[in-house]
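S.K.: generate coordinates for the sequence data below:
(2 chains)
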Protein chains: 2
Amino acid sequence: MVDIIHRIGIRAPVSKVYAALSTVQGVAGWWTKETTGESRSGGTIKVLFRSPTGDELGKMDIDVLRLDPNKEVRWRFRSGPAEWVGTDVTFNLSRDGDQTLILFGHRNWREAVEFTAHCSMKWATFLLSLRELVETGQGKPSPDDLKIDNLY
Amino acid sequence: MVDIIHRIGIRAPVSKVYAALSTVQGVAGWWTKETTGESRSGGTIKVLFRSPTGDELGKMDIDVLRLDPNKEVRWRFRSGPAEWVGTDVTFNLSRDGDQTLILFGHRNWREAVEFTAHCSMKWATFLLSLRELVETGQGKPSPDDLKIDNLY
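M.R.: Here you go, the predicted model:
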């Protein structure tokens, strides 16, 4: 199995970072503005992404597998890009000094393909967007996300 | 084995991207200002990184394994962080429309540890720095690099 893992520090209380990961409103502030659904444990979040010209790029249904307040958020992709279905995303939170640390994982890809490499860069820029949201109040969710390559 | 892979598109000729990856002056413009050594195939590049306060964070000796003009640059870490020694970095270049695409890999980590996740984020931000350098003439090499977490 192939895993994408990243790590970022955010200068904010862990509760503020957890809120941005565990609520529909939070996720809409850093990942994609078009986030709907129910973010409770056992619920399903729906996300939709657009190209710079507003065309639909893709959408996903995400099962919320675990919400451990101020410690962990775990998702599983139920529908979306074929490569993503059945994969898990986890956000593990901890504290060091004035930073809340996120250990991010998008795990259990069946193989490492160019789309994996694209998604790894996109996750990195969305984690930077999350940091901006939490530290400044303004993230860069889709469709205002940083475009990375010819897959957007 | 564990691999970090990323993908980025740069709006510039492939020759300009290749120059930024295959010369000491190029690497000094996006990775670390303190880049020295010989960037020819078979040569050794030396890089040194500093913390925000100017303390030495670490340094590495890198063997240049392969230079395939406008196609591929391959490095192997001879010394540096224990986790990096013996690992390879590759930059594979291709074109699509107005973009030069880089498929980046830092492969053959013995295990996925928190430092791997840190390095994955750092590589993503250094690839953004590389894009800035090539597209605008000004990158963000160490010590002016974007700090990511408590490991810098």
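S.K.: and stretch A:132-141, end to end?
M.R.: The first residue of stretch A:132-141 is 11 Å away from its last residue (CA to CA, to the nearest Å).
S.K.: please identify the buried residues of it?
M.R.: Buried positions in stretch A:132-141, judged by neighbour count with 16 or more other CB atoms under 10 Å in any protein chain shown: A:132-134, A:139-141. Using the backbone N, CA and C atoms, a C-beta is placed for each residue, glycine as well.
S.K.: in TSV: these, plus distance to chain B and pLDDT.
M.R.: Shown next, in TSV, are these (distance: CB to the nearest CB, whole Å; pLDDT from 0 to 100):
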residue	distance to chain B	pLDDT
A:Glu132	12	98
A:Leu133	16	98
A:Val134	14	98
A:Gly139	16	98
A:Lys140	13	97
A:Pro141	18	97
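S.K.: now, which of these sits nearest A:Val85?
M.R.: Among those, A:Pro141 lies closest to A:Val85 (CB to CB), at 22.6 Å.
S.K.: how near is the closest one to A:Ala20?
M.R.: The spacing between A:Pro141 and A:Ala20, counted by CB to CB, to the nearest Å, is 11 Å.
S.K.: repeat that for A:Leu128.
M.R.: When distance is defined by CB to CB, A:Leu128 is 13 Å away from A:Ala20.
S.K.: residues from chain A in reach of chain B?
M.R.: Residues of chain A lying near chain B by CB under 8 Å from any CB of the partner chain: A:2-9, A:96-97, A:99, A:101, A:103-105, A:112, A:114, A:116-118, A:120-121, A:124-125, A:127-128, A:148-151.
S.K.: tell me the buried residues within those.
M.R.: Of all the residues of chain A next to chain B considered here, the ones buried according to neighbour count by 16+ other CB under 10 Å are A:2-9, A:99, A:101, A:103-105, A:112, A:116-118, A:120-121, A:124-125, A:127-128, A:148-149, A:151.
S.K.: that's all I had, so thanks and see you.
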